[in-house]
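Undergrad: structure here, sequence nowhere to be found:
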């Protein structure tokens, strides 16, 4: 049953750490599967492909096992851990660990107590933490017939509706949890933008702007100089990111997913689940909304249906906050639109940053390390990203949209 996965990851097999083996998984399966007796066959393959640009080691594990009654079955997991070069620096993993260990189970419990069964993420069956690393073992959604939508095509209206409703469910439960238990851990207030990071960010942004402006002049965007004049300096760009750290507690806030794009959302016929919770952040829901709308709808609806997207999210948010007996003032649709303008820099930062990585075809040689490299090779990679036809088509839509909203 495991052979069909082998060809998918042939190029990446050597990246699988040696400790991911039968001995490591034996106690995990023993705890997860009733009447477990023994492992008959262990198979591990890379769960991501070159060009996917994930920041973690992702391994698909397939185990053919025997039960105590002599029958056999297969179980399927995804193991997520840190690259060896990052050992000792846990980075973003503590957020994800806490999400799977505490927050997501609590959010599901809140809905259960309100009489509704809601799913938000795959089941986490094992968390392993050592002084220098964190490892998560999750149920493999692929085996449950979950799939991603092609990130280069984007979501159609049906998928966007499902995602926006699911985001509202996550946000509502997180807001009620804050109301009941008080503030989240300090790490959910942190982002990559902090004063200690300013020197390297501004240096990279300066290198990036050279290639970005060069590429813009090749986009055949009408009145391109008007948009070029609005491109922010490295200092202005970093100041923008720093300002987005501020949270107004007089507004509606929630725990954002923080990295909400196609590859972190999986669909089956009637189920929608989120994965990858490493960038969770307490703040305005505008962050997740700008991120998903900027990165993930298909081009024919991205701008055209913008207001409709906010209405879909708001309708479900109100339903869920009322269901969970949220006692504070529920934001109106008008207030939510105002928040989208107030925090519109999330849209601009997403479009000029992560979107250029999201839209790179998987057969290219772009990787995250080179995006940050201060070298001629790094310059070449950044230019390649900015003249990628998928990125050009999207930005030719988004820049006039941002301009007309006063966000540039």
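TA: Done, it's in. Computed from a predicted model, the values in this text were never measured in an experiment.
Undergrad: show me the helices in the stretch 1-150 of the chain, by range?
TA: 22-32, 93-98, 104-113 (DSSP state H, counting those that start in this stretch).
Undergrad: closest to residue 193 out of those helices?
TA: Closest to residue 193 of the helices of the stretch 1-150 of the chain is helix 93-98 (C-beta to C-beta; 15.9 Å). (Glycine included, C-beta is placed from N, CA and C.)
Undergrad: centre of the chain versus the closest one, how much separation?
TA: Its chain's C-alpha centre and that of helix 93-98 lie 14 Å apart, by C-alpha atoms, centre = their mean, to the nearest Å.
Undergrad: can you tell me what sits against that helix?
TA: 56, 80, 82, 127, 129, 133-134, 136, 185, 187-188, 276-280 (C-beta atoms under 8 Å, 6 or more residues apart in numbering).
Undergrad: hmm, back to that, any chance of the helices of the stretch 1-150 of the chain in CSV, with distance to residue 120 too?
TA: What follows is the helices of the stretch 1-150 of the chain, written out as CSV (distance: least, C-beta to C-beta, whole Å):
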stretch, distance to residue 120
helix 22-32, 20
helix 93-98, 13
helix 104-113, 5
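Undergrad: with mean neighbour count added, can I get the ones you listed in JSON lines?
TA: What follows is the helices of the stretch 1-150 of the chain, written out as JSON lines (neighbours: other C-beta atoms under 10 Å):
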{"stretch": "helix 22-32", "mean neighbour count": "15"}
{"stretch": "helix 93-98", "mean neighbour count": "19"}
{"stretch": "helix 104-113", "mean neighbour count": "17"}
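Undergrad: save those helices as JSON lines, and put in distance to residue 359 and mean pLDDT too.
TA: Output for the helices of the stretch 1-150 of the chain, formatted as JSON lines (distance: least, C-beta to C-beta, whole Å; pLDDT from 0 to 100):
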{"stretch": "helix 22-32", "distance to residue 359": "36", "mean pLDDT": "95"}
{"stretch": "helix 93-98", "distance to residue 359": "25", "mean pLDDT": "92"}
{"stretch": "helix 104-113", "distance to residue 359": "29", "mean pLDDT": "98"}
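Undergrad: any idea which of the ones you listed gets closest to residue 347?
TA: helix 93-98 (22.8 Å).
Undergrad: is it true that residue 224 touches residue 214?
TA: No - counting by C-beta atoms under 8 Å, residue 224 does not reach residue 214; the two are 11.8 Å apart.
Undergrad: strands of the stretch 1-150 of the chain, start to end?
TA: Counting by DSSP state E, counting those that start in this stretch, one finds strands in the stretch 1-150 of the chain at the ranges 36-46, 57-67, 72-81, 124-130, 133-139.
Undergrad: in a markdown table, list those strands along with mean pLDDT.
TA: Below are the strands of the stretch 1-150 of the chain laid out as a markdown table (pLDDT from 0 to 100):
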| stretch | mean pLDDT |
| --- | --- |
| strand 36-46 | 94 |
| strand 57-67 | 94 |
| strand 72-81 | 94 |
| strand 124-130 | 92 |
| strand 133-139 | 94 |
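Undergrad: so which of the ones you listed is nearest residue 391?
TA: strand 57-67 (24.7 Å).
Undergrad: between strand 36-46 and that closest one, find me the angle.
TA: Interaxial angle, strand 57-67 versus strand 36-46 (axes from the mean of the first three to the mean of the last three C-alpha atoms, to 10 degrees): 150 degrees.
Undergrad: show me what strand 57-67 is packed up against.
TA: Other elements packing on strand 57-67 under the criterion 3 or more C-beta pairs under 8 Å, 6 or more residues apart in numbering; DSSP states H and E are helix 22-32, strand 36-46, strand 72-81.
Undergrad: can you list the strands that it pairs with?
TA: Sheet partners assigned to strand 57-67 using DSSP bridges are listed as strand 36-46 (antiparallel), strand 72-81 (antiparallel).
Undergrad: what is the distance between that strand and the centre of its chain?
TA: The answer for strand 57-67 is 25 Å, by C-alpha atoms, centre = their mean.
Undergrad: all strands of the stretch 201-350 of the chain, in order?
TA: Using DSSP E, counting those that start in this stretch, strands in the stretch 201-350 of the chain cover 254-256, 265-267, 272-274, 281-283.
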